[in-house]
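In: heads up, no residue letters with this:
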């Protein structure tokens, strides 16, 4: 008798081209710690007629609910793969990843002079989006890129452009590479820019970052209000380089607005104090930005997207020893995402999907999953060493903020739509977008409880970083609930909080998420 060992099961996914239709390319491997649900849950109803037999009759299948839920360590790969689906929006600057399907769709071979497209960039889908944004100027701004996944060490890491990227470009021109055919999961992405004319002026909790002329419009680089930047880049050992005042003034800040060559900043890192500083040679690190947007596309919200996923569960030996079988869950909408930050542990995420149907298990495998890409950014985020910042204006002094645990939840309230004659779902309805917060912190200030009682609008942000990059999660407007205290003996008084976000009247979203290709890994 053959059997299927849980440890041998593999889970792969692909973004569908249309509902229940999977492409033959683009499949990716996941790394779950647990698969909580997979496929259809079948409901049956037995017949129970009034009869002297006193027994039930064979019933019938009445319903099937399809879905997928799995829990895994939070990594840059898993987060970036799925987060667009959960906020129902594309990255606002998706083209910053040279190897993204919208730009080229495959890895870039390393040559003696750069990362090669294999043809002019303009020949690839939307490749010209990069033209004019990725610049090199000997006396001006220089775009920084970050490469990873290459076998040769020289081809990985932070690189500075040696030439502009235009529609006619056939490569990302950088120095110091070794010739290599790129592995399938190698990637090159924009990491920031370097210039020598930036002045940082800090005024309380806000700041300005002003270019004297090298940068005439920050938005040219794809930056926008609500996105986070990091002043200072990472050395090979994770320390800070190219920051202010001999690299001691560095850190994260949120863009509140852009005015040509001026970035107006708020939500400053605790290391951004003093000044003014500059001008000096500074690396400003940034990456991609995504936030929830309205359904109605307009000049501000053009990225709304209902994305569906198809999953493959591979069951080794299910058809007999040496005979694998496969099950495909189709039409999966991103429903619930829970990010957990427990005390002295690693961060985990639970991803929940609501689907339309699941195919019968078969020995016939679809084209594509067998060559699924293996994730390359797989370092877990530790909750002791990899949290760069947790900020809230509930307690203004950073030194007074001490969270014991935290959970952030995104819920899309997906519900299957049933029709007569269809066993599973014909459609899935997307409900209200909700972001919730739950956590426990030390009772350091009565303002915590007062904010609950007064229904005060508060803001919060969590920033994670490791050797694979960084994630800044911004909750610009929310109200708090709870506020009940715990009084453990021989310990500190604790306060339990919940939070519910609402659409920020200025920024226009509930949650803003900035990802970084590379940031310093030293502790703040």
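Out: Thanks, I have it. Note that this is a predicted model, so its numbers are computed, not measured.

In: OK, contacts around the residue nearest to residue 174 when sequence neighbours are not counted?
Out: Nearest residue to residue 174 in three dimensions, chain neighbours excluded: residue 159, at 4.0 Å (C-beta to C-beta, 6 or more residues apart in numbering). Where C-beta positions appear, they are placed from N, C-alpha and C, glycine not excepted. Under the criterion of C-beta atoms under 8 Å, 6 or more residues apart in numbering, the contact partners of residue 159 comprise 144, 145, 146, 147, 174, 175, 176.

In: equivalent analysis for residue 3, please.
Out: With contact taken as C-beta under 8 Å, 6+ apart, residue 3 is in contact with residue 317.

In: can you point me to the longest helix in the protein?
Out: helix 76-87 (DSSP state H).

In: coming back round to it: between the contacts of residue 159, which is closest to residue 359?
Out: Minimum distance to residue 359 across those is 38.3 Å, recorded for residue 147 (C-beta to C-beta).

In: how close does the closest one get to residue 285?
Out: Counting by C-beta to C-beta, to the nearest Å, the gap between residue 147 and residue 285 amounts to 15 Å.

In: residue 224 too?
Out: Here the distance between residue 224 and residue 285 works out to 16 Å (C-beta to C-beta).

In: what about the two, which has more around it?
Out: residue 285 (29 against 18; other C-beta atoms under 10 Å).

In: so that one sits against residue 516, correct?
Out: Yes. Residue 285 is within contact range of residue 516, at 5.8 Å (criterion: C-beta atoms under 8 Å).

In: overlap in contacts, those two.
Out: 191, 230.

In: now the host helix or strand of residue 513 against helix 76-87, angle please.
Out: With elements taken from DSSP states H and E, the one containing residue 513 is strand 512-516. Here strand 512-516 points in a direction 160 degrees away from that of helix 76-87 (axes from the mean of the first three to the mean of the last three C-alpha atoms, to 10 degrees).

In: part of a strand, is residue 95?
Out: No. With DSSP: H, G, I helix; E, B strand; the rest coil as the criterion, residue 95 is located in helix rather than a strand.

In: could you break the chain into its assigned domains?
Out: Structural domains assigned to the chain are 6-37+64-77+304-516, 94-286, following automatic domain parsing.

In: including distance to residue 87, could these go into CSV?
Out: Below are those laid out as CSV (distance: least, C-beta to C-beta, whole Å):
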stretch, distance to residue 87
domain 6-37+64-77+304-516, 7
domain 94-286, 13
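
In: please name whichever of those is nearest to residue 49.
Out: Comparison of those against residue 49 by C-beta to C-beta identifies domain 6-37+64-77+304-516 as nearest, at 23.8 Å.

In: let me see the contact set for residue 327.
Out: 38, 39, 312, 313, 315, 358, 359, 360, 361, 362.

In: may I ask which of those residues has the most neighbours?
Out: With neighbours taken as other C-beta under 10 Å, the top of these is residue 358, carrying 25 neighbours.

In: for that residue, give its distance to residue 308.
Out: When C-beta to C-beta is applied, the distance between residue 358 and residue 308 equals 14 Å.

In: could you do residue 323 as well?
Out: With distances taken as C-beta to C-beta, residue 323 is found 30 Å from residue 308.

In: of the two, which one has the most company?
Out: Each of residue 323 and residue 308 has its neighbours counted (other C-beta under 10 Å); residue 308 has more, 22 against 12.

In: quick one: residues contacting the closest residue in space to that one that isn't next to it in sequence.
Out: Taking C-beta to C-beta, 6+ apart as the measure, residue 308 lies nearest to residue 16, with 4.6 Å between them; neighbours along the chain are not counted. Counting by C-beta under 8 Å, 6+ apart, residue 16 touches 22, 23, 307, 308, 309, 310, 330, 331.

In: which of those residues tops the neighbour count?
Out: If you rank the contacts of residue 16 by neighbour count (other C-beta under 10 Å), residue 310 sits at the top with 27 neighbours.

In: does it touch residue 353 like I think?
Out: No. Under the criterion of C-beta under 8 Å, residue 310 lies out of contact with residue 353, with a separation of 10.1 Å.

In: got JSON lines for the domains of the chain, with distance to residue 56 and mean pLDDT too?
Out: Output for the domains of the chain, formatted as JSON lines (distance: least, C-beta to C-beta, whole Å; pLDDT from 0 to 100):
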{"stretch": "domain 6-37+64-77+304-516", "distance to residue 56": "21", "mean pLDDT": "92"}
{"stretch": "domain 94-286", "distance to residue 56": "53", "mean pLDDT": "90"}
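
In: nearest to residue 85, out of those?
Out: Shortest distance between residue 85 and the domains of the chain, using C-beta to C-beta, is found for domain 6-37+64-77+304-516: 3.7 Å.

In: next, the distance between the ends of that closest one.
Out: Domain 6-37+64-77+304-516 has its terminal residues 34 Å apart, counting by C-alpha to C-alpha, to the nearest Å.

In: what's the neighbour count on residue 457?
Out: There are 15 residues near residue 457, going by other C-beta under 10 Å.

In: where's it relative to residue 307, distance?
Out: Applying C-beta to C-beta, one obtains 31 Å for the distance of residue 457 from residue 307.

In: and for residue 318?
Out: As it turns out, when the distance is counted by C-beta to C-beta, residue 318 lies 30 Å from residue 307.

In: and the contacts of residue 159, which are buried?
Out: Members of the contacts of residue 159 that pass the buried threshold by neighbour count (16 or more other C-beta atoms under 10 Å) are listed as 144, 145, 146, 147, 174.

In: quick check: the last one touching residue 157?
Out: Read it as residue 174. No. Counting by C-beta under 8 Å, residue 174 sits too far from residue 157 to count as a contact (10.2 Å).

In: the helices in this structure, which residues?
Out: Listed in chain order, the helices found in the chain under DSSP H are 76-87, 447-453.

In: in the shortest one, which residues are buried?
Out: Put plainly, it is helix 447-453. Along helix 447-453, the positions that meet the burial threshold by neighbour count (16+ other C-beta under 10 Å) are 447, 448, 449, 451, 452.

In: which residues touch the third one?
Out: By that I understand residue 449. Residue 449 sits in contact with 483, 495, where contact means C-beta under 8 Å, 6+ apart.

In: any idea how far it lies from residue 493?
Out: Here the distance between residue 449 and residue 493 works out to 11 Å (C-beta to C-beta).

In: contacts for stretch 230-248, please.
Out: Stretch 230-248 has contacts (C-beta under 8 Å, 6+ apart) with 144, 157-158, 191-192, 194, 200, 209, 249-253, 271-272, 274-275, 277-278, 280-286, 467, 470, 516, 518-522.

In: now with 6 Å?
Out: By C-beta atoms under 6 Å, 6 or more residues apart in numbering, the list of residues contacting stretch 230-248 from outside reads 200, 249-250, 252, 277, 281-283, 285, 518-522.

In: again, but for stretch 88-105
Out: 84, 107, 124-127, 129-130, 187-190, 222, 288-290, 292-293, 303, 305.

In: keep only those of those that are in strands.
Out: The members of these that map onto strands under DSSP state E are 187, 188, 189, 190, 288, 289, 290.
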